[in-house]
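Chemist: Pasting a predicted model and its sequence here:
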Amino acid sequence: MKVNRIMTLRLILSMIVIVGFTSCSKKSSTKGASQGTGWKVDSKKGSPNRKQEAGPGLVFVEGGTFTMGKVQDDVMHDWNNTPNQQHVQSFYMDETEVTNAMYIEYLDWVKKVFPPTQENYKAIYEGASPDTLVWRNRLGYNETMTNNYLRHPSYSQYPVVGVNWIQAVEFAKWRTQRVNEALLEKNGYLKKNSKTNDVTAESNFDTETYLNSPTSTYGGNAEIVLPGKYADKKGGVRQTKPGKDGKVVPPTNIYAQRSSGILLPEYRLPTEAEWEYAAAADVGQREYNIYKGQKKYPWSGSYTRSGKRQSKGDQLANFKQGNGDYGGIAGWSDDGADITNQVKKYAANDFGLYDMAGNVAEWVMDVYRPIVDNEANDFNYFRGNQYTKNQIGKDGKIKIVGKDSVQYATLSNGKKVATSFPGQIAQVPVDENETYLRQNFDKSNNVDYRDGDKQSTRYFNFGDSESDTKKQKEERAMYNSPKHNVRIDSLGNMVRNYDKNSKRTTLIDNNVRVYKGGSWRDRAYWLDPAQRRYFPQDMATDYIGFRCAMSKVGAKSDKRKTARH
């Protein structure tokens, strides 16, 4: 019996070893095969493990939860700062505000590619230029800044001002194209130095055009747009070797795709939630419980002056310290500036971001409303979505904007800002083909979604109908704001109609945007990251600038392991 037991155990162990070896062999034999089908997968198509690179000027901000809207000093009991819990995904953000040097690079490119001397492009450069007259004051002499602030080298590393929200958005779009253009050239998908030597208005580069129709990029110039896999070091197409039959097979045109992982997501303005989360930087202050509150400033402590021995008494941000006091007494510890200051002059917060309080306030993407509707959404909150899609022509192909089809946004002061350029894909609002039976959105323009309680307004009418006049609809609107009108008459003259209607009840409409952070003109009260204000999107000031952000794709962070408790 004992011998039989031993033999049985040996037999079982032998079977376990054989099965284990067989399973290991099967597992190793599937290397390079699809996990879903078992088919061999071409590993050269795409880069499944390629991580997103940080774009130029950006630093990583790991996402998380925070209390949005909570301010310590709420002397006005302003209900537009009602605290609510929000969560933002990880993203990248500009280390500093966009500087004069960065913006001048943009202006120089616009002037070169769209010469103001040409009739169909004459308004583009002017529309992109900052309003330098924002420095003027009826009872102050500021002509030095009016004439020098933007272009004098002494101000090159100062934050750009005089830029309205629309101009800031267009700068971010331009930056996206230039960065991706450089990445494609670096990886052999574009001819060397094409981005500087060969670009014209008719042969402009656009990321989405390249992804959808590579041969339409640069006006269809095949000498510039290369099949990157076969590009040689000189920027031409590498010749393939003859096959066994002596024939030379021409290379297949393989262009960079989204799956290549080379191209970056778009640069854009940060959302209000992202900006506030990044400014507060609770990540470095474990003593602050972010589930219950947050810091008063981007730095630790409740004071605006440094407590460190080396810089004790110095201000930690550039702001107005009192009536008539923009920089303290000469020779004494102060904020080191009277107007704006050079970027990186003050310590960064715990995310590595500079000037998230003071220097200049900053535009964010959101359309302003007094209420942040966290009941509708508490994840990546943003108000202002207007969904579009590529316009398809009658031939079934995407429609590319031509040199004579530049579109402009006409500002309330009559100035024009170009919003679509040659080489881009024409956009149209999404329609029923995309919205039918959807639960998450049902129309293209979502700015007014859950926009207050219209039934509580004085003129609300339950008998809403399409036959109502424009005046009746305006009276029932939640935000009955002035409707200024600018138009061009039959002779080409600008006609400006200023709305003097005495029944207007607010300045809030769909064209006012949130701006965050205190500026050199603001008292310390506005340095709190949770403070929020609004300003018309087509107007500019000498105290509002901006910085760009970029969404992160993939994992929340690049840490190898997730913390476990």
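Modeler: In hand now; what should we look at?

Chemist: where in the stretch 201-350 of the chain is pLDDT low?
Modeler: 228-253, 284-294, 333 (pLDDT under 70).

Chemist: Measure how buried R268 is and give me the count.
Modeler: By other CB atoms under 10 Å, 19 other residues sit near R268. Bear in mind the C-beta positions are built from the backbone N, C-alpha and C, glycine included.

Chemist: gap between the residue nearest to it when sequence neighbours are not counted and Y158?
Modeler: Of all residues beyond its chain neighbours, the one nearest R268 is A172 (5.1 Å), with distances taken as CB to CB, 6 or more residues apart in numbering. A172 sits 19 Å away from Y158, going by CB to CB, to the nearest Å.

Chemist: okay, these two: which has more neighbours?
Modeler: Set A172 next to Y158 and count neighbours by other CB under 10 Å: Y158 wins out with 24 against 21.

Chemist: Any idea how many residues pack against the nearest residue to that one once chain neighbours are set aside?
Modeler: With CB to CB, 6+ apart as the criterion, Y158 has its nearest non-adjacent residue at 5.1 Å, and that residue is T340. T340 is flanked by 27 other residues according to other CB under 10 Å.

Chemist: how near is T340 to S557?
Modeler: T340 is 33 Å from S557, where distance means CB to CB.

Chemist: can you check R533 too?
Modeler: 32 Å.

Chemist: Of these two, which one has the most company?
Modeler: R533 (16 against 13).

Chemist: Quick check: which element contains the more buried one?
Modeler: Counting by DSSP states H and E, the element that carries R533 is strand 532-536.

Chemist: Can you tell me what sits against that strand?
Modeler: Counting by CB atoms under 8 Å, 6 or more residues apart in numbering, strand 532-536 makes contact with 69, 80-81, 164-165, 272, 361, 368, 412, 508, 511-516, 526, 541, 544, all of which sit outside it.

Chemist: and it, how far from the chain's centre?
Modeler: 18 Å (CA atoms, centre = their mean, to the nearest Å).

Chemist: Could you do stretch 487-503 as well?
Modeler: On the basis of CA atoms, centre = their mean, stretch 487-503 sits 33 Å off its chain's mean C-alpha point.

Chemist: what's the average pLDDT for that stretch?
Modeler: In this model, stretch 487-503 has an average pLDDT of 80.

Chemist: So for that stretch, first residue to last residue, what's the gap.
Modeler: Its start and end residues considered, stretch 487-503 measures 23 Å (CA to CA, to the nearest Å).

Chemist: ok, now which ones touch M102?
Modeler: Contact analysis of M102 by CB under 8 Å, 6+ apart lists 57, 160.

Chemist: Give me the phi and psi angles of it.
Modeler: Dihedral pair for M102: phi -70, psi -40, per degrees, to the nearest 10.

Chemist: any idea how far L411 is from it?
Modeler: Separation of M102 from L411 (CB to CB): 23 Å.

Chemist: can you check Q257 too?
Modeler: Separation of Q257 from L411 (CB to CB) stands at 38 Å.

Chemist: more neighbours, those two?
Modeler: More neighbours surround L411 than the other of Q257 and L411, with 20 against 14 (other CB under 10 Å).

Chemist: nearest residue to the more buried one other than its sequence neighbours?
Modeler: Leaving aside its chain neighbours, L411 sits nearest to D538 (3.9 Å; criterion: CB to CB, 6+ apart).

Chemist: Report how many residues lie close to that neighbour.
Modeler: When counting by other CB under 10 Å, one arrives at 20 neighbours for D538.

Chemist: what does N142 give?
Modeler: N142 has 15 neighbouring residues, counting by other CB under 10 Å.

Chemist: Could you tell me the per-residue confidence at the residue nearest to it when sequence neighbours are not counted?
Modeler: Ranked by CB to CB, 6+ apart and with sequence neighbours excluded, the top spatial neighbour of N142 is W135, at 4.4 Å. As predicted, W135 sits at a pLDDT of 98.

Chemist: Contacts only, for W135.
Modeler: Residues near W135 by CB under 8 Å, 6+ apart: 142-143, 145-146, 149, 162, 542.

Chemist: V447 too?
Modeler: With contact taken as CB under 8 Å, 6+ apart, V447 is in contact with 367, 383-386, 510.

Chemist: Which of those fall within strands?
Modeler: Counting by DSSP state E, the contacts of V447 place V367 in strands.

Chemist: Same list, the contacts of V447, but as JSON lines with neighbour count, distance to K296 and pLDDT please.
Modeler: As requested, the contacts of V447 are exported to JSON lines (neighbours: other CB atoms under 10 Å; distance: CB to CB, whole Å; pLDDT from 0 to 100):
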{"residue": "V367", "neighbour count": "23", "distance to K296": "27", "pLDDT": "97"}
{"residue": "R383", "neighbour count": "24", "distance to K296": "26", "pLDDT": "96"}
{"residue": "G384", "neighbour count": "19", "distance to K296": "28", "pLDDT": "96"}
{"residue": "N385", "neighbour count": "13", "distance to K296": "32", "pLDDT": "96"}
{"residue": "Q386", "neighbour count": "14", "distance to K296": "35", "pLDDT": "96"}
{"residue": "N510", "neighbour count": "18", "distance to K296": "32", "pLDDT": "92"}
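
Chemist: Closest one to S481 out of the contacts of V447, please.
Modeler: Minimum distance to S481 across the contacts of V447 is 8.9 Å, recorded for N510 (CB to CB).
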